[in-house]
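Colleague: coordinates only, sequence not included:
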């Protein structure tokens, strides 16, 4: 059994490594070692998370996917959560989350078959519940943010997010140099919608997307 730590933050401005010490302390308290850490800055509401799927690809049956909180693993809608959960179950990976005490016993190997199956069932129900709560929290925050923007626009106070002039200047140079969209996204972490907007400023631009 290998323990693989997954650390995620939503944006590059946030520290995805913040929970690393807590995860390693959790393992050490139980006489366990974390075999590898997988770190990325991606939204938990998206399945487009290369490091998470690299972790699952590296796993063997019985391995542990260790996270600080269930919302680090998923803020997905119901359909995408079922897809991710199916991938986890197919690979027979156990999810252990520091905010889900019912999962902690999954990190120990001294369980008989009946106990293991009972823990799987209980943990699965709790995971579903916390994943649904995490999604609701995400949707609530998005709704409040949208309402705040509408109000600010009505009051003439909304100016939008400040432009990252340095990054956008570099992207424009990459476009003008003929660099492909995929390469620019990989190099800068910008979204494709941002890249499309910037491409309109540059002529001619690379047509490869």
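Modeller: Received, thanks. Owing to the predicted nature of the structure, the values given are computational and were not obtained by experimental measurement.

Colleague: which stretches of this structure form helices?
Modeller: 20-29, 50-58, 70-73, 78-90, 113-154, 165-176, 181-188, 192-199 (DSSP state H).

Colleague: Just say which of those is most tucked in.
Modeller: Among the helices of the chain, ranked by average contacts under mean count of other Cβ atoms under 10 Å, first place goes to helix 70-73 (a mean of 22). The C-beta positions use only the backbone N, C-alpha and C, and glycine is treated the same way.

Colleague: And the helices of the chain: which comes nearest residue 8?
Modeller: For residue 8, the closest of the helices of the chain is helix 70-73, at 4.9 Å, according to Cβ to Cβ.

Colleague: What helices and strands are in contact with that closest one?
Modeller: Contacts defined by 3 or more Cβ pairs under 8 Å, 6 or more residues apart in numbering; DSSP states H and E place helix 70-73 against strand 3-9, strand 94-97, helix 113-154.

Colleague: Spell out for me which residue occupies the centre of the protein.
Modeller: residue 44 (3.9 Å; Cα atoms, centre = their mean).

Colleague: what's the nearest residue to it if we skip its chain neighbours?
Modeller: The shortest distance from residue 44 to any residue other than its chain neighbours is 3.6 Å, reached at residue 75 (Cβ to Cβ, 6 or more residues apart in numbering).

Colleague: one step back: closest one to residue 164 among the helices and strands packed on helix 70-73?
Modeller: Short answer: strand 3-9, nearest of the helices and strands packed on helix 70-73 by Cβ to Cβ, at 17.9 Å.

Colleague: For the closest one, the averaged confidence score.
Modeller: Mean pLDDT, strand 3-9: 94.

Colleague: Which strands or helices does it pack on?
Modeller: Partner elements for strand 3-9 (3+ Cβ pairs under 8 Å, 6+ apart): helix 20-29, strand 34-41, helix 50-58, strand 64-67, helix 70-73.
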